[in-house]
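Trainee: Sequence first, predicted coordinates after that:
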Amino acid sequence: MKHLGILAHSTEGAALCFRAFCQEGFAELGPHDHPDVTLDCIAMARSMPAWDAADHQAIRATLAASVQRLARAGADFFVCPDNTAHMALELPGEDLALPGLHIADVVADQAAADGHRRVGVLGTRYLMDGPVYPRAFAGHGIQAEIPGDEDRRTINHTIFSELVNGVFTESARRDFTAIIERLAARGCDAVALVCTEIPLLITPDASPLPTLDSTRLLARAAFDTATGRRPFPTWHGGPKP
């Protein structure tokens, strides 16, 4: 089995990915068993000024240093359970020290397998305004639908003031449910939870639309890669076609 490296950027999403990866092992390999996994996290505070300044190259450099540490720890490949971070990871630059799975490709593959045609995208304002998911979904002929301006502000504020800090309130759940209902009214047949903390707030039974849980989908893809059931990744960062 291959050794997984988890490139953490936001802690709650990374912790959920770690747990979900190990739980896949418990279910399929036996009690207490899972492939080796190492998690590396450089505090997101180091990158927030660069996010606000749209200095994605600086963020890429920080993430690359984390991947290098995972490589030194013996990891064979990496995943990054932070959708927004992929905006930086996709930039041209020196190859990352390890090959990795791209979270948006994992989510888009599942959306296509489920037969979805128009998918609402819930994430940080950086991600919702960016190209990562429109590109990934377009490769499968799927339309990415972004919430309206006010809804995007609500989502982003909740992510950074609550979710990444481990705060999950009924008020936020109602807000997100209403946003998903508005996406359904616009013709969406699913919603992609592509801030990795959102699945901790919106569970499938609470959502008006079928959900694409980016965190657990990535964990499952990582497990399948580590156990040889999924082709080993070749992406070392950089632009995706």
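Mentor: All right, it came through fine.

Trainee: For the helix or strand harbouring Phe26, give me every contacting residue.
Mentor: Using DSSP states H and E, Phe26 maps to helix 11-28. With contact meaning C-beta atoms under 8 Å, 6 or more residues apart in numbering, helix 11-28 is reached by 4, 6, 8, 32-35, 37, 39, 41, 44, 79, 81-82, 163-166, 195-197, 199-200, 215-216, 218-220, 222-223, 227. (Each C-beta comes from the backbone N, C-alpha and C, glycine too.)

Trainee: and what of stretch 45-64?
Mentor: Taking C-beta under 8 Å, 6+ apart as the rule, stretch 45-64 contacts 7, 9, 42, 80, 84-85, 87-89, 91, 93-94, 96-97, 126, 237.

Trainee: Please, where are all the strands along this structure?
Mentor: With strands called from DSSP state E, the chain shows them at 4-8, 37-41, 77-79, 118-122, 143-145, 190-193, 211-213.

Trainee: got the buried residues for the third one?
Mentor: Along strand 77-79, the positions that meet the burial threshold by neighbour count (16 or more other C-beta atoms under 10 Å) are Phe77, Phe78, Val79.

Trainee: Next, count neighbours for Ile180.
Mentor: For Ile180, the count of nearby residues is 24 (other C-beta atoms under 10 Å).

Trainee: and it, how far is that from Leu209?
Mentor: Here the distance between Ile180 and Leu209 works out to 5 Å (C-beta to C-beta, to the nearest Å).

Trainee: Need the overlap of contacts for those two.
Mentor: By C-beta under 8 Å, 6+ apart, the residues touching both Ile180 and Leu209 are Gly120, Val191.

Trainee: if I pick the most centrally placed residue in the chain, what's in contact with it?
Mentor: Nearest residue to the geometric centre of the chain (C-alpha atoms, centre = their mean): Asn83, 3.6 Å. Counting by C-beta under 8 Å, 6+ apart, Asn83 touches Ile103, Ala104, Gly123, Thr124, Leu127, Val132, Tyr133, Val194, Cys195, Thr196, Ser214.

Trainee: Return the distance of the closest residue to His116 other than its chain neighbours relative to Leu212.
Mentor: The shortest distance from His116 to any non-neighbouring residue, by C-beta to C-beta, 6 or more residues apart in numbering, is to Ala190 (4.4 Å). Ala190 sits 6 Å away from Leu212, going by C-beta to C-beta.

Trainee: all helices for this protein, in order.
Mentor: Ranges of helices in the chain, per DSSP state H, are 11-28, 48-52, 56-72, 86-89, 103-113, 125-128, 132-138, 149-161, 170-185, 214-226.

Trainee: between those helices, which one is nearest to Pro204?
Mentor: For Pro204, the closest of the helices of the chain is helix 214-226, at 10.6 Å, according to C-beta to C-beta.

Trainee: Does that closest one pack against any helices or strands, and if so which?
Mentor: strand 4-8, helix 11-28, strand 77-79, helix 103-113, strand 190-193 (3 or more C-beta pairs under 8 Å, 6 or more residues apart in numbering; DSSP states H and E).
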